[in-house]
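[1] Sequence and predicted structure below; questions after.
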Amino acid sequence: MESTAASPLGAFLRTHRERLTPQQASLPAGARRRAKGLRREEVAQLAGISPTWLTWLEQGRTESVSAHTLSNLAAALQLSGAETDYLFDLAGLKNPKDKRAEDNPQAREILAQMLPHIAIPAYVLDRHWRAAAWNHAAAELFCDWLGQPGASQLDFIFLTPEARTFIDNWPERARRIVAELRADLGQQLDDAETAEMLERLRRDSEEFDRLWRQQDVLEREGGERAFHHPALGLLHKRQITLRPANAPEFKLVMLL
């Protein structure tokens, strides 16, 4: 019976260690085993850590555990994506391997099919803030931005002159957008595609470069938004952003 004193992290690691067979781990079964599953020494070897370190982790001692160690343990224990995320949550760390759309290729299609059923302006951004899908109401509102798949919201805000008059209080919104972008990208900053995007924006927009160098970080938030539409005049909206549970790299933005 699992000890009631065991930490959640320790209990999780031990249960999954005992659940994995030598055959599943491509290890020799050897002599008859007294304990279930793999020995600590075997998992430690697979994960590239010491058996003592694994013992400490199973005891819930996570003061110095790194994301690299947890990733190796997740691979050694053959954890699923959800199980790996849970392991990182228990250790109080963020999983550096972000879920990507390619892990769920149906997500983009499902979101695109859903948008026409939303009456208010709604659009979907990918992890680089490119428009993946939108509805008719959004196309009417953002007439200088939404026109073809992959249109970048960042390009619109910083490289399209019309954005400065379309977005109410553009300087403050631009500052917050860059701070939200930094928080949103997080550990993706080392990604080659992300680095190319940032380099291009910093080269082509002095404002973006200046704001990026400020190192401000803000969580993406909703709230009041105002737009000076060329045909509809001044519009006030309330922005709500949601992330699909099975494809969190996408952001569904709706404007009430």
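    Done, it's in. Numbers count the residues shown, from 1 in each chain.

[2] Okay, buried residues for the lengthiest strand in the chain please.
    The longest strand of the chain (DSSP state E) is strand 233-242. The neighbour-count check on strand 233-242 (16 or more other Cβ atoms under 10 Å) flags Lys237 as buried. For the C-beta atoms, the positions are set from N, CA and C on the backbone; glycine is no exception.

[3] And that strand, how far out from the chain middle?
    Relative to its chain's centre, strand 233-242 lies at 24 Å (Cα atoms, centre = their mean, to the nearest Å).

[4] Flag the shaky bits of the stretch 1-150 of the chain, pLDDT-wise.
    For the stretch 1-150 of the chain, applying pLDDT under 70 flags the ranges 1-6, 30-35, 62, 97-105.

[5] ranges for the strands of it?
    Applying DSSP state E, counting those that start in this stretch to the stretch 1-150 of the chain gives strands spanning 122-125, 131-134.

[6] Include mean neighbour count and distance to Thr21 when you put those into TSV, please.
    Output for the strands of the stretch 1-150 of the chain, formatted as TSV (neighbours: other Cβ atoms under 10 Å; distance: least, Cβ to Cβ, whole Å):
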stretch	mean neighbour count	distance to Thr21
strand 122-125	24	42
strand 131-134	23	42
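
[7] Throw those into a markdown table and include distance to Glu41, thanks.
    Below are those laid out as a markdown table (distance: least, Cβ to Cβ, whole Å):
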| stretch | distance to Glu41 |
| --- | --- |
| strand 122-125 | 47 |
| strand 131-134 | 47 |
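
[8] and the longest strand of the chain, which strands flank it?
    strand 223-229 (antiparallel), strand 251-255 (antiparallel) (DSSP bridges).
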